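[1] The following block contains a protein sequence and its predicted model.
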Amino acid sequence: MSKREPDPALMEVATSTETPSSGTLAGSICDRIRTDILAGRRTPGARILLEDLKAEFGVSWSPIREALSRLVAEGLITTEESRGYRIAPVSSADLAEVIRLRMLLEPMALQRSIEHGDDAWEADLLAHQHRLGKLESKRFYPAEAEQWERWHRAYHEALIRACGSPMLLQFCSQLHDLSDRYRRLFLSAHNFDRDVPDEHRQITDATLARDAAKACELLQRHIERTGQNVLRSMQV
């Protein structure tokens, strides 16, 4: 794991006249490490040196350990008895399980959203799909891909936001993170022959038409196709 200068933003929080809670710092550190792991900037299987993290973020031990504990719970970091922490490794079996669970839980959340979503939810979903479509050309340019990634995540969140179940949304979010990590690690150098914007549009159209059966089937196929593409790339 490469060493960096202490994070100025975190140091500002840590030295604020309004003393921050350990949880606030831990949340910020957790977000930064999570982003690095999902983007592939922290190598799968790499050992995490606590001294390096302390120097990198310029904070005390408590928020560092709390942040790592959160990421362990999310499946992005693993612990080894008497050996500390490592960035979670990757495997075809692990990805296959993530795909299976996403295909089960996200359509469930979508169906509930279609049943309970109001006009404001519909307008929000349509706006997210439109914005993502406008950014589609950026996804293959490293300098701009992060913007597409943020809006891609926001679109999938908007799709199921009205399900009415915070626990279901939490599970879907965690699985989406794990799935995105594999996609970004293994598809970065591949252009697969798929019209992803059209897939998003079809899912959105069926959702807004309140056709739950069609929308859920399209979402399942969308998740499965992406997952299978990643699995194939892992075997090359």
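    Great, that's in hand.
[2] Just give the number of residues close to Leu132.
    Neighbours of Leu132 under the rule other C-beta atoms under 10 Å: 24. Bear in mind the C-beta positions are built from the backbone N, C-alpha and C, glycine included.
[3] go on, Leu105?
    By other C-beta under 10 Å, the residues close to Leu105 number 19.
[4] Against which helices or strands is the helix or strand where it lies packed?
    Assigned by DSSP states H and E, Leu105 falls within helix 92-116. Contacts defined by 3 or more C-beta pairs under 8 Å, 6 or more residues apart in numbering; DSSP states H and E place helix 92-116 against helix 142-160, helix 166-186, helix 196-208, helix 212-234.
[5] which outside residues touch the last one?
    Going back to what we said before, that points to helix 212-234. For helix 212-234, contacts defined as C-beta atoms under 8 Å, 6 or more residues apart in numbering pick out 90, 92, 95-96, 98-99, 102-103, 106-107, 110-111, 114-115, 159, 179, 182-183, 186-187, 190, 192, 194, 199-200, 202-203, 206-207, 209.
[6] do the same with the second one
    With contacts defined as C-beta under 8 Å, 6+ apart, helix 166-186 is touched by 34, 37-40, 44, 74-76, 90, 94-95, 98-99, 101-102, 105-106, 108-109, 112, 149, 153, 156-157, 160-161, 163, 223, 226-227, 230, 233-234.
[7] Tell me the buried residues within those.
    34, 37-39, 44, 74, 76, 90, 95, 98-99, 101-102, 105-106, 108-109, 112, 149, 153, 156-157, 160-161, 163, 223, 226-227, 230, 233 (16 or more other C-beta atoms under 10 Å).
[8] Ok, which of the helices and strands packed on helix 92-116 comes nearest Glu51?
    Shortest distance between Glu51 and the helices and strands packed on helix 92-116, using C-beta to C-beta, is found for helix 166-186: 25.3 Å.
[9] what angle sits between the closest one and helix 212-234?
    Per axes from the mean of the first three to the mean of the last three C-alpha atoms, to 10 degrees, the angle that helix 166-186 makes with helix 212-234 is 30 degrees.
[10] Check which helix or strand Thr43 maps to.
    Using DSSP H and E, Thr43 sits in no helix or strand.
[11] my guess is it meets Arg86, correct?
    No. Counting by C-beta atoms under 8 Å, Thr43 sits too far from Arg86 to count as a contact (9.8 Å).
[12] of those two, who's got more company?
    Taking other C-beta under 10 Å, Thr43 and Arg86 do not tie; Arg86 has more neighbours (17 against 14).
[13] May I have whichever helix or strand that one is part of as CSV, with CA atoms only?
    Applying DSSP H and E as the criterion places Arg86 in strand 84-87. Only the C-alpha atoms of strand 84-87 are listed here, as CSV (Å, rounded to 0.1, in the frame of the first residue of the first chain):
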residue,chain,number,x,y,z
GLY,A,84,-3.8,-7.8,11.4
TYR,A,85,-5.8,-6.7,8.4
ARG,A,86,-5.7,-7.2,4.7
ILE,A,87,-7.6,-5.8,1.7
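[14] so where's this protein uncertain?
    Scanning the chain for pLDDT under 70 picks out the ranges 1-23, 82, 137-143, 188-194, 236.
[15] Report the central residue of it.
    Asp177 (2.7 Å; C-alpha atoms, centre = their mean).
[16] quick check: domain ranges of the chain?
    Following automatic domain parsing, one finds the domains of the chain at 8-87, 92-234.
[17] Val72 touches Thr79, doesn't it?
    Yes. At 5.9 Å, Val72 counts as touching Thr79 under the criterion of C-beta under 8 Å.
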